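*Asks:* what's the 3D shape of this:
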Amino acid sequence: MTAPSGRTGRPPLTEARKAEIRLEIARAAVELFVSQGVAATTGEQIGQAVGVSARTVWRYFPSKESCVRPLFSAGIDVIAARLREWQPGRPLEELFTPGLLTATGPDGATGTALVRLTRTEPGLRAIWLQTYDEAEPAFARALATRAGLPADDLRPMIQAAMLNAALRAAVERFAWRASGVGADGATDAVTRETTGEAEVAETMRSALAIAAEGIS
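*Replies:* Just a heads-up that it's a prediction; the model follows:
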């Protein structure tokens, strides 16, 4: 008897499903990091929270800290698209609205707590900074396309660097203030226990307005 031909067993996962699994792992990792700390969190725990094995977690990510990467990098393409569509004469800060933030990374109190962890956890800090390092050329390409300039033109490169730095400074400042701790480690007079997309967006808009003024 001739054996049946073709693949047997489970069908291969689609790229869309793989992306969903990565995001599920990322969200579970964040919840665990925030609730019990990075050191106390294991790959087994992250997998259990999602319903997969630790082996599956490591198949998608090289380390537990890198599990948060999809949340940090989710907004790069969204922001780049906004930059390409940015109409001449419109203030740069109008690019950011509260609704946009749901697609640009972790949001809410948990997301803010995760950003605060990047200050004290070297592994998370490395992922955080690497994400911004990868975002900068994407923003530069978008600005170059908008201006009809070559991708390696210095002007969009400088503009992207300023934009990128402004966004990171805004998010970090909001996270530090939300915890009641200022960037210098001192207690901030304005302590907020909860976060809101409108507040984060407003902080980002303020930072972009400052960046748009340039250096005088």
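*Asks:* per-residue confidence for Ala109?
*Replies:* Looking at Ala109, its pLDDT reads 73.
*Asks:* There's contact between Thr110 and Glu31 in this structure, I believe.
*Replies:* Yes: using Cβ atoms under 8 Å, Thr110 is in contact with Glu31, at 6.6 Å. The C-beta positions use only the backbone N, C-alpha and C, and glycine is treated the same way.
*Asks:* Domains in the protein, by residue range?
*Replies:* 15-66, 74-213 (automatic domain parsing).
*Asks:* least reliable of those domains going by mean pLDDT?
*Replies:* Of all the domains of the chain, mean pLDDT reaches its minimum on domain 74-213 (a mean of 79).
*Asks:* Determine how far the last residue of that one lies from the first.
*Replies:* End-to-end distance for domain 74-213, by Cα to Cα, to the nearest Å: 28 Å.
*Asks:* from the chain's centre, how far out does it sit?
*Replies:* Here domain 74-213 is found 9 Å from its chain centre; the criterion is Cα atoms, centre = their mean, to the nearest Å.
*Asks:* Next secondary structure after the helix or strand containing Ala142?
*Replies:* Using DSSP states H and E, Ala142 sits in helix 122-147. Next helix or strand after helix 122-147 toward the C-terminus (DSSP H and E): helix 154-178.
*Asks:* in that next one, what counts as buried?
*Replies:* Buried residues in helix 154-178, counted by 16 or more other Cβ atoms under 10 Å: 156-157, 159-160, 162-164, 166-178.
*Asks:* secondary structure element for the spatially most central residue of the chain?
*Replies:* In the chain, the centroid-proximal residue (Cα atoms, centre = their mean) is Phe72; its distance is 1.9 Å. For Phe72, the host element (DSSP H and E) is helix 69-73.
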